[in-house]
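Undergrad: the sequence and its predicted three-dimensional model are supplied below.
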Amino acid sequence: VTELILAAADEILPHARELAVHVCGSHVLRTLLCVLGGVELVSSRGDAGGGRLQLGGTRRGKAKDPKAKNKKKKKRRNPQMEESEAAAGGGGGAGNDAMQPIACSRIDTGSASVTDALRSAVATLTGSVDGRVRSGGPSELQKLTCHPSAGPLVAVLLKVLTHSSLSVDAGKKTSKKQGADANSSMSDHKLGIVPPDPTFAPDSSASSFAKAILCWDDEIDDATKQPYAGDVIFGLSGEARGSHILETILRSSDDGFFDEICRAGRFYDAAAFREYAEHNVSNFVMQSLFVTVRSRQQGEELLKCVEPLISSGYVLDKSNRRGGLLWRASEMCVKYNVGQDGLLHAIRCGFTTLAGNNDSGNNKETGDGLDTKEGADGKKMRHKK
């Protein structure tokens, strides 16, 4: 079986760049990469494909009352619209699904031939021999990360490389921990608290691939002086599919590289953080940032950036649809036991600000909602608006 899989990989991987942008070929590449890595995707959405992470209440549910009236069914989506979305690529959440080792894999993932096959996939997508970034700035790889079909493929490849860098025992322990977090801790799973993903080693192939995506230059020690990484991070965060890649990198990177990404992307800067938070796409990256914080110090830095947005009422205003920032910030405060008093104070100030804005908007109306105008006889008349 191993020889057949490797023979198929020899035929497919040289054309990985062309297949990556194909609506069907990208799915074949994802499956091949998972087989070579000895892992399988486990859906975290609780659907039919993710039985192990599906909620117990969703699987069992309540007994149906035969006397109960049937609820009104929701209107089905237009099939033509669904077909057009599938033709556009789809599968944007593939990088968000958890991975676990295949139970009875017949592929020796530790062999040199399998490792060479994965290295060949990285080299084809990055356009270099070892997958490391070269001088000259962004390349075709950054375009692939924003493609509807190639973007999820890049995320899957990064996660496969991360798992392949782990030992077999470490992979099994990670899988058991994910299953325990999903099944035993139902409250966390219902609230959407994502269990931590395994992180890659600093000098692994996954680290090199992540740095190639971000155009990271290892010769520059100061992350704030990276010539291209800051702009690439800013661009990916605002793109619908590129943001998934950036979130995958944040979850999979080691602690040191995670902090460098935050500094290169200016996540600790209040003005830049506000710009991220006000964007309709990049605000989800900020939510993932709170989930993947590694230390109390990083949490304190992020709280300094988000508290002004909360106290001003921007996050609390329902029309802005930024409640997820408060949700994830609150989780982070509980997890690291940091900044809880300051966050509560910001929430009180935010509601006070919103109440004051509502009062100022109604200062021309009377208490009963009637306006006053002066009639022809000089008397004041009242009428409804």
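TA: Great, that's in hand. Numbering: from 1, shown residues only.

Undergrad: tell me the SS of the closest residue to residue 270 other than its chain neighbours?
TA: With sequence-adjacent residues excluded and distances taken as C-beta to C-beta, 6 or more residues apart in numbering, residue 270 is closest to residue 305, at 4.8 Å. Bear in mind the C-beta positions are built from the backbone N, C-alpha and C, glycine included. Classification of residue 305 using DSSP: H, G, I helix; E, B strand; the rest coil returns helix.

Undergrad: check contacts around residue 305.
TA: 267, 268, 269, 270, 273, 274 (C-beta atoms under 8 Å, 6 or more residues apart in numbering).

Undergrad: relative to residue 154, how far out is it?
TA: Using C-beta to C-beta, to the nearest Å, residue 305 is found at 28 Å from residue 154.

Undergrad: cool, and residue 215?
TA: Counting by C-beta to C-beta, the gap from residue 215 to residue 154 is 14 Å.

Undergrad: and for residue 279?
TA: Counting by C-beta to C-beta - residue 279 and residue 154 are separated by 22 Å.

Undergrad: before we move on, the earlier item: so which of residue 215 and residue 154 has more stuff around it?
TA: residue 154 (28 against 23; other C-beta atoms under 10 Å).

Undergrad: ok, the more buried one touching residue 142?
TA: No. Counting by C-beta atoms under 8 Å, residue 154 does not reach residue 142; the two are 10.0 Å apart.

Undergrad: any residues in contact with both of these two?
TA: residue 213.

Undergrad: which PyMOL command selects the buried ones in the contacts of residue 305?
TA: Burial among the contacts of residue 305 is assessed by 16 or more other C-beta atoms under 10 Å; the matching PyMOL selection reads:
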select buried, resi 267+268+269+273+274
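
Undergrad: adding secondary structure, write the contacts of residue 305 out as CSV.
TA: CSV is the format used below for those (three-state DSSP):
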residue, secondary structure
267, coil
268, coil
269, coil
270, helix
273, helix
274, helix
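
Undergrad: SS state for residue 163?
TA: helix.

Undergrad: how much space separates residue 344 from residue 242?
TA: Residue 344 sits at a distance of 35 Å from residue 242 (criterion: C-beta to C-beta).

Undergrad: report the separation between the nearest residue to residue 127 once chain neighbours are set aside and residue 246.
TA: Leaving aside its chain neighbours, residue 127 sits nearest to residue 139 (6.1 Å; criterion: C-beta to C-beta, 6+ apart). Using C-beta to C-beta, one obtains 17 Å as the distance from residue 139 to residue 246.

Undergrad: who has more neighbours, these two?
TA: Each of residue 139 and residue 246 has its neighbours counted (other C-beta under 10 Å); residue 246 has more, 28 against 15.
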